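Trainee: This is a predicted model, with the sequence first.
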Amino acid sequence: MTLSVLIPDGEHDTSFKVMTCLAQVPKTKIHVVSNREVTRTRYSRFCESFRCREDSGEQEWFDEIRSVAEHHDVDVILPGSELGTRFVCGWSDRLRQVAGLPPLPQVSVFDTAVDKGSLADFLREHDLPTPNTVPAAAALDSELAFPVLIKPKRSYSGIGIQLFQDKRALENFVTAHRDAIDTYIVQEYVVGADVGCNVLCKQGETLVQTIQKPIVPHPRPFAFSLCIRFIECDKTLQTVSELMSALAWSGVANIDLKYSQARGRVEILDVNPRYWGTLIGSLTAGVNFPYLACLSALNRPWPKIDYRVQSCFMEIGNAIKESLNKVKGNGGVIPDFFRETNLRFILRDPLPFLNRSIVRQSPRAPGTPAHV
């Protein structure tokens, strides 16, 4: 069975990870549209064709996608990033006339989930478990219990999040950022264990999920862990399923949660309505989310899923560091280098990794974030 997939946002790192997942499926052809000439997707040996577009507007973006899809008889248009997913959601009616689309949320639902302020309001209105959260402009007059976190409403990988132990420290931040304070929310800090859940849903039903907990923390506070272990957790799955049902969510999402020791429940922190930074980890744990999304787009049956609980994942550079720490007696985790890192994917497709530093230094189109 052949499969032809167009990635419309090939400039993003998550889109390269989507490509890596699809490349594991035999007889899959991957085409890329990007607003950057130099991308990891372009260097991949699995890139069947590459089209660089002018970043001049959504109509021009659609025209490029349609041109490539028609020329190469594309089966599925599959975005990998936040920006690309939002675009495909907004243009879904016209894009479905060009090729199949994976499950996608309504634009209004996407916008609710991606904005931490609107998400907090939604969770409160639907009585879903979440820490107390208020707009930053109202935080000083609220009854939040310290410590608290201040978060940009739109951020990724923990960037911009700060912890404040008392009201005076928060007041100093609010005063210093008064002109931009409406772009932040303040949330009570939850003492407990972090957990993440990755899902593919259709009309509010969770079709498949992986659940992960951190093993090795990232050196930057609030960023995703350098090493994760895949687990089963009924409480997490129940909470996420209730959230996805309330949103009537379709598509993939990554949900950040925390087990509150004080309240004895799993609480929702954030929703990332896109593929996630540890997507290759889900692949090594037995769940190829992008491929399943493509099959859903074409109404094709899924293969049997073998979710490998208790497997761990880390990128090869971190795996080497952790192994050396373990040998030196400084703690650390030694993974199965072939099954639990991205080593085997690098060996199959080395050029994007060898050129990673070039890609990072290449210019982006104005207004194009590198992360989502």
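Mentor: Everything's here; your move. If you're wondering where the values come from, they're calculated on a predicted model, not measured in any experiment. Residues are numbered from 1 along each chain as shown.

Trainee: the domain parsing of the chain - what is it?
Mentor: Under the assignment automatic domain parsing, the domains of the chain span 3-103, 132-188, 192-336.

Trainee: Mind putting those domains into a markdown table with distance to Thr112?
Mentor: In short, each C-beta sits where N, CA and C put it, glycine included. Shown next, in a markdown table, are those (distance: least, C-beta to C-beta, whole Å):
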| stretch | distance to Thr112 |
| --- | --- |
| domain 3-103 | 12 |
| domain 132-188 | 12 |
| domain 192-336 | 7 |
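
Trainee: okay, those, which one's buried deepest?
Mentor: Highest mean neighbour count of the domains of the chain: domain 3-103, a mean of 20 (counted as mean count of other C-beta atoms under 10 Å).

Trainee: what distance separates that one from the middle of the whole chain?
Mentor: Between the centre of domain 3-103 and the centre of its chain there are 17 Å (C-alpha atoms, centre = their mean, to the nearest Å).

Trainee: For stretch 43-52, give the mean pLDDT please.
Mentor: The pLDDT scores in stretch 43-52 average 97.

Trainee: Can you dump the C-alpha atoms of it in PDB for me?
Mentor: What follows is stretch 43-52, C-alpha atoms only, in PDB (Å, rounded to 0.1, in the frame of the first residue of the first chain):
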ATOM      1  CA  TYR A  43      18.300  17.400   3.700                       C
ATOM      2  CA  SER A  44      16.500  14.200   4.500                       C
ATOM      3  CA  ARG A  45      16.900  11.300   2.100                       C
ATOM      4  CA  PHE A  46      13.200  10.600   2.500                       C
ATOM      5  CA  CYS A  47      12.200  14.000   1.000                       C
ATOM      6  CA  GLU A  48      10.700  13.100  -2.400                       C
ATOM      7  CA  SER A  49      10.200  16.800  -3.400                       C
ATOM      8  CA  PHE A  50      10.800  20.200  -1.800                       C
ATOM      9  CA  ARG A  51       9.100  23.500  -2.600                       C
ATOM     10  CA  CYS A  52      10.200  26.800  -1.000                       C
END
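
Trainee: Contacts for that stretch, please.
Mentor: With contacts defined as C-beta atoms under 8 Å, 6 or more residues apart in numbering, stretch 43-52 is touched by 4, 10, 16, 19-20, 22-23, 28-37, 41-42, 64, 67-68, 72, 348-349, 351-352, 355, 359.

Trainee: rerun at 6 Å
Mentor: 19, 23, 29-34, 37, 41-42, 64, 68, 349, 351-352, 355 (C-beta atoms under 6 Å, 6 or more residues apart in numbering).

Trainee: How about stretch 144-161?
Mentor: Contacts of stretch 144-161 with the rest of the structure, by C-beta under 6 Å, 6+ apart, involve 115-117, 132, 162-166, 183-189, 222-223, 371-372.

Trainee: Which of these fall within strands?
Mentor: 162-164, 184-188 (DSSP state E).

Trainee: is it possible to export the residues you listed to TSV including pLDDT and distance to Pro214?
Mentor: Formatted as TSV, these follow (pLDDT from 0 to 100; distance: C-beta to C-beta, whole Å):
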residue	pLDDT	distance to Pro214
Gln162	93	20
Leu163	94	17
Phe164	95	23
Tyr184	95	25
Ile185	95	23
Val186	96	24
Gln187	96	19
Glu188	96	21
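
Trainee: ok so, going back, so which of the domains of the chain comes closest to Phe122?
Mentor: Closest approach to Phe122 among those is made by domain 192-336 (7.5 Å; C-beta to C-beta).

Trainee: What about the closest residue to Arg300 other than its chain neighbours, how many residues nearby?
Mentor: Ranked by C-beta to C-beta, 6 or more residues apart in numbering and with sequence neighbours excluded, the top spatial neighbour of Arg300 is Met1, at 7.8 Å. Number of residues near Met1 (other C-beta atoms under 10 Å) recorded here: 9.

Trainee: for the stretch 1-150 of the chain, which spans come out with low pLDDT?
Mentor: For the stretch 1-150 of the chain, no stretch is flagged by pLDDT under 70.

Trainee: hey, where'd the strands end up in it?
Mentor: All strands of the stretch 1-150 of the chain, identified by DSSP state E, counting those that start in this stretch, fall at 3-7, 28-34, 47-52, 76-77, 133-135, 148-152.

Trainee: What are the contacting residues of the longest one?
Mentor: In this case it means strand 28-34. Contact partners of strand 28-34, identified using C-beta under 6 Å, 6+ apart, comprise 3-8, 10-11, 19, 22, 41, 46-53, 64-65, 68, 72.

Trainee: Helix or strand: which one has Val199?
Mentor: Using DSSP states H and E, Val199 falls within strand 192-202.

Trainee: Just checking, which helix or strand succeeds that strand along the chain?
Mentor: Taking DSSP H and E, what comes next after strand 192-202 is strand 205-216.

Trainee: Run through the neighbouring helices and strands of that following strand.
Mentor: If you count contacts as 3 or more C-beta pairs under 6 Å, 6 or more residues apart in numbering; DSSP states H and E, strand 205-216 packs onto strand 192-202, strand 227-231, helix 234-247.
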